[in-house]
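Asks: Okay, here's the prediction I keep looking at, along with the sequence it came from:
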Amino acid sequence: MTFVTRIAIAALALSFATAVQAQTGEWYAAGSIVYADDDPDRAVADAVAGFQINVGRIMSEHLSLEGALGYNDWDSWISPPTEQYPDQFAIDLSANVLYFFDRDKTFAPYLLGGIGYLGVDRTPGSPENNPSLTAGVGFDWRMGQSDFSIRGEVRARYAYDACSNDCQSRTDFIASVGLQYRFGGEPEIPRPDSDTDADGVLDMWDECPDTPRGTQVGSSGCPILDRDVDADGDRVPDSRDDCPNTTVGAAVNDRGCELDSDRDGVPTGEDRCPSSRPGANVDMYGCENDSDSDGVPDHKDSCPRTPQGARVDVYGCVIEEIIHLPGLNFQTNQDVILPGAEYVLRDAASTLNKHPSLRIEVAGHTDDVGPGDINYSLSERRAVTVRDFLIRYGVDESRITAVGYGESQPIADNATAEGRATNRRVELRVLN
């Protein structure tokens with residue numbers, strides 16, 4: 001018994017399970033792997049060697065229309081291939097009609113038929129381009145209530161050759177299995193709006209659909225009692241409304257007060273910064289206080305009294321000619337940064353992204369221990385490493401250059417261990 005026959009028997013033997021509704025107008029897309037039992041005249045081995053992509057639409061309770069694209073890569077019976085027994089690959093395009101017996105079953109079998117085009121390229125050999133017919137059976141096996149299902153097919157493909165090559169038409173048998181996803185669909189048409197008792201509340205929301213004409217009703221459609229009066233129309237009766245004058249249409253809590261998502265005392269509808277941190281001191285617009293107006297909230301500002309209009313980094317401090325990177329350390333004699341240094345570079349990148357006009361030189365330096373040429377090379381490689389990290393964090397590479405200065409620009413005494421450690425540094429130089 002062939003592999004194709006086994007798949008066909010297994011598919012038809014599966015039980016029909018609980019119904020899952022399908023909707024007319026839905027689209028679907030499927031991707032499958034393909035096993036091909038090829039026509040013997042092709043002289044290629046039967047194998048799992050290709051894929052198939054289907055895109056279609058549910059047209060009715062029983063019918064679907066779809067387009068399919070298939071690809072097969074067949075190996076010759078012999079190696080290396082010859083002109084008589086070549087390797088081949090095929091492109092299969094088809095338009096198909098699927099007929100479902102009962103689409104709403106969890107396991108839904110179908111019949112398939114279609115027309116298409118089969119292009120086969122033989123290496124070495126001559127190409128084959130023929131019209132084709134396809135027919136077969138398949139199943140759509142829903143995965144619970146999700147939009148995904150398992151799709152399987154067994155079909156025969158007949159490629160008609162009108163003597164373009166060797167006057168030989170060929171029939172291939174193809175089995176496929178894969179995953180299908182449904183999406184879209186026609187929205188349900190709502191029932192016409194109705195208000196039977198003409199009280200201004202639609203029947204679908206009216207808890208008292210038979211109130212006498214002219215009766216004053218509340219949002220539920222029931223007659224208003226004194227205890228049910230809702231002066232601000234927020235659906236919370238005045239009797240338990242802690243905020244009886246909320247803005248019309250504002251979202252409120254069960255006590256009738258406007259929602260405050262970040263609990264900063266400024267209603268969400270008026271809050272320009274609706275995600276301020278819990279407990280933060282905010283201004284009248286709900287944004288965290290920034291006493292020096294440098295764009296850095298006071299709780300993050302290490303320099304809370306910077307001059308008005310000054311360029312500042314992510315810590316709120318004025319950007320000088322040189323931006324130092326304390327905490328940026330490398331493995332000994334290597335250009336690999338130590339764990340934790342990436343946070344320093346992330347903050348530096350945030351500062352540069354905040355000021356896109358700045359042009360930067362990444363300057364690498366070493367102490368005077370070791371040969372000068374090796375120190376120069378190491379400083380340059382470390383500068384390049386820092387530059388690459390900044391680019392990775394979003395800084396435009398056209399704004400950054402990397403230069404190694406080796407031991408030529410010490411800022412401390414190389415005679416001491418502390419001084420040498422200070423001289424081993426990478427810093428950012430503002431060029432404009």
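Replies: Done, it's in.
Asks: Could you confirm Ala421 falls within a helix?
Replies: Yes: under DSSP: H, G, I helix; E, B strand; the rest coil, Ala421 sits within a helix.
Asks: Near it, how many other residues are there?
Replies: Applying other Cβ atoms under 10 Å, we find 12 residues neighbouring Ala421. (Each C-beta comes from the backbone N, C-alpha and C, glycine too.)
Asks: Tell me the secondary structure of the residue nearest to it when sequence neighbours are not counted, please.
Replies: Excluding the flanking residues, the one nearest Ala421 by Cβ to Cβ, 6 or more residues apart in numbering is Asp367, at 7.8 Å. Secondary structure for Asp367, judged by three-state DSSP, is coil.
Asks: ok, Asp367 - contacts?
Replies: Going by Cβ atoms under 8 Å, 6 or more residues apart in numbering, Asp367 touches Asn375, Glu407, Pro410, Asn414, Gly419, Arg420, Ala421, Asn423, Arg424.
Asks: Equivalent analysis for Glu26, please.
Replies: Each residue near Glu26 by Cβ under 8 Å, 6+ apart is listed here: Arg57, Ile58, Arg182, Phe183, Gly184, Gly185.
Asks: before we move on, what about Thr215?
Replies: Contacts here follow Cβ under 8 Å, 6+ apart; on that basis Thr215 touches Asp199, Pro223.
Asks: any idea how far Asp41 is from it?
Replies: Using Cβ to Cβ, to the nearest Å, Thr215 is found at 85 Å from Asp41.
Asks: Strands of this structure, start to end?
Replies: 26-37, 47-58, 63-74, 87-100, 107-123, 128-142, 148-159, 170-184, 322-323, 360-365, 400-404, 425-430 (DSSP state E).
Asks: pLDDT at the closest residue to Gly394 other than its chain neighbours, what is it?
Replies: Spatial nearest neighbour of Gly394, excluding adjacent residues (Cβ to Cβ, 6+ apart): Asn353 at 5.5 Å. At Asn353, the pLDDT value in this model is 91.
Asks: ok, now the one 3 residues further on?
Replies: Reported pLDDT at Pro356 in the predicted model: 89.
Asks: Tell me, how many residues neighbour the residue nearest to Gly394?
Replies: 15.
Asks: check contacts around it.
Replies: Residues near Asn353 by Cβ under 8 Å, 6+ apart: Tyr393, Gly394, Val395.
Asks: of those residues, closest to Arg151?
Replies: If you rank the contacts of Asn353 by distance to Arg151 using Cβ to Cβ, Gly394 comes first, at 41.8 Å.
Asks: ok, so what distance separates the closest one from Leu428?
Replies: Taking Cβ to Cβ, one finds Gly394 at 15 Å from Leu428.
Asks: Looking at those two, which is more packed in?
Replies: Taking neighbours as other Cβ under 10 Å, Gly394 and Leu428 compare with Leu428 leading, 24 against 11.
Asks: check contacts around that one.
Replies: With the criterion set at Cβ under 8 Å, 6+ apart, Leu428 makes contact with Ile322, Ile323, Leu325, Ala348, Leu352, Ile360, Glu361, Val362, Ala363.
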